[in-house]
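Undergrad: next come a sequence and a model predicted from it.
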Amino acid sequence: MKTHTSRKNQITGKSGNATDFIEKLIAERKGIIDRAVDRYFPRRLDSEKLEFICGPPSYDYDLEAVSNAIYAPGWDLLDRGGKRWRPLLMMLVIEALGKKPDDFLDFLAIPEVVHNGTLIIDDIEDGSDLRRGKPCVHKIYGTDIAVNAGNGMYYIPLLPVIKGRKKYPDALLLDICEIYLQEMINISHGQAMDIYWHRGNKSGITVEQYMQMCAYKTGTLARMSAKLGARLAGADDRLVHAFGKFAESIAVAFQIQDDVLNLRQKLGKETGEDIKEGKRSLLVIRALSRLPKKDAGRLLEILSMHTGDKKLVNEAIRLIKATDAFGFAETLSKKLVDDSWAALEKMLPPSDAKRSLQMFAEYLIARGR
């Protein structure tokens, strides 16, 4: 794999743009990422791989049960697509710091497998029916298998830490564990806020509270990816923190754009599913602060129904569109990325890899336009 070669002409050429360049980069590296995932979260489980993962059995493994109740559901979701942008972000951070991602491929599985595990659990918690255009994992395999598989996906990709003690310094592996554990603590708190809100348990949610929820929920795995990449590349604490803050900001912007897309077009989920789930998205929070009292009350009423009725969902969307919510969301997402990049840019020397990182951020926030 050649990931550190010059891409100056591709990056700076007038014919290209951030979306084209990053889409091409994703396509080029998807196979690399999936092979890294397959090594520690195998698509096809056999006795040798199971013993590698769990150690020698004390009695006897049921290979069929484990394969069909963890790895098959996990790969069912992984194979549906997804941009693999979190491990790509890790690779770009490593490159921007002058190192080769080839030396650290073992760790690419961490953010990607954990991310897909969270999707399985999120869909159960949200009562969702579709994910990436197909029935959710729990709809196919059952809630019990889906919960266990999703939880397993939180921890199985840590195998490179366990297996890497002869390859990597203990201090580095400890740092990786600390980054992982802190971010997994954060993600549960972000999810708690999101669930509590869409149950209608709190009124008057602020934009700042919403952004903190996103920073803990969506921002967690992006921040983890960037911080892991920086630490693997030998960055000091100050630079690791700066990369983490940058990744958090682009992830919050990504979530805002996700909210926008949910009400504008299909995302492999039901159009307007956030309305059905009663989500207090940024669009909803902004609209509630701008609508007349009667209309705001009606929007809250529809959200509290958790209804899939198309007429009611469309009514809620019309109420939101009657305000400046969409423009506000897009302006805020762009500002987040611009401000965070301005802070990080000063700390990195010029390079093609640095420009790729900037284009990656531009790509993420262009999705809703």
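TA: Received, thanks.

Undergrad: the helix or strand of the chain with the lowest mean pLDDT: what's the following helix or strand?
TA: Least confident element among the helices and strands of the chain, by mean pLDDT, DSSP states H and E: helix 8-12 (a mean of 38). On the C-terminal side of helix 8-12, the nearest following helix or strand under DSSP states H and E is helix 18-40.

Undergrad: starting at the chain centroid, how far to that following helix?
TA: 15 Å (CA atoms, centre = their mean, to the nearest Å).

Undergrad: by contact count, what packs against the helix or strand just after it?
TA: Following helix 18-40 in sequence order, the next helix or strand is helix 47-54 (DSSP H and E). Other elements packing on helix 47-54 under the criterion 3 or more CB pairs under 8 Å, 6 or more residues apart in numbering; DSSP states H and E are helix 63-66. Every residue, glycine included, has its C-beta placed from N, CA and C.

Undergrad: list the buried residues of the helix it packs on.
TA: residue 66 (16 or more other CB atoms under 10 Å).

Undergrad: residues contacting it, please?
TA: 45, 46, 47, 50 (CB atoms under 8 Å, 6 or more residues apart in numbering).

Undergrad: next SSE after it?
TA: helix 72-78.

Undergrad: can you pull out the low-pLDDT segments for the stretch 201-350 of the chain?
TA: Counting by pLDDT under 70, the low-confidence segments of the stretch 201-350 of the chain come to 265-271.

Undergrad: where exactly do the helices run in it?
TA: 207-216, 218-232, 237-264, 273-276, 282-290, 293-305, 310-321, 325-345 (DSSP state H, counting those that start in this stretch).

Undergrad: ok so, going back, hmm, which two among the contacts of helix 63-66 are most spread apart?
TA: 45 and 47 (8.5 Å; CB to CB).

Undergrad: point out the most buried one among the helices of the stretch 201-350 of the chain.
TA: helix 218-232 (a mean of 28; mean count of other CB atoms under 10 Å).

Undergrad: out of the helices of the stretch 201-350 of the chain, which is closest to residue 353?
TA: Nearest to residue 353, of all the helices of the stretch 201-350 of the chain, is helix 218-232, at 11.3 Å by CB to CB.

Undergrad: next, the angle helix 325-345 makes with that closest one.
TA: 10 degrees (axes from the mean of the first three to the mean of the last three CA atoms, to 10 degrees).

Undergrad: circling back to that earlier point, any chance of the helices of the stretch 201-350 of the chain in a markdown table with distance to residue 128 as columns?
TA: Output for those, formatted as a markdown table (distance: least, CB to CB, whole Å):
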| stretch | distance to residue 128 |
| --- | --- |
| helix 207-216 | 18 |
| helix 218-232 | 16 |
| helix 237-264 | 12 |
| helix 273-276 | 7 |
| helix 282-290 | 18 |
| helix 293-305 | 16 |
| helix 310-321 | 14 |
| helix 325-345 | 22 |
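
Undergrad: right, I'll call it a day here.
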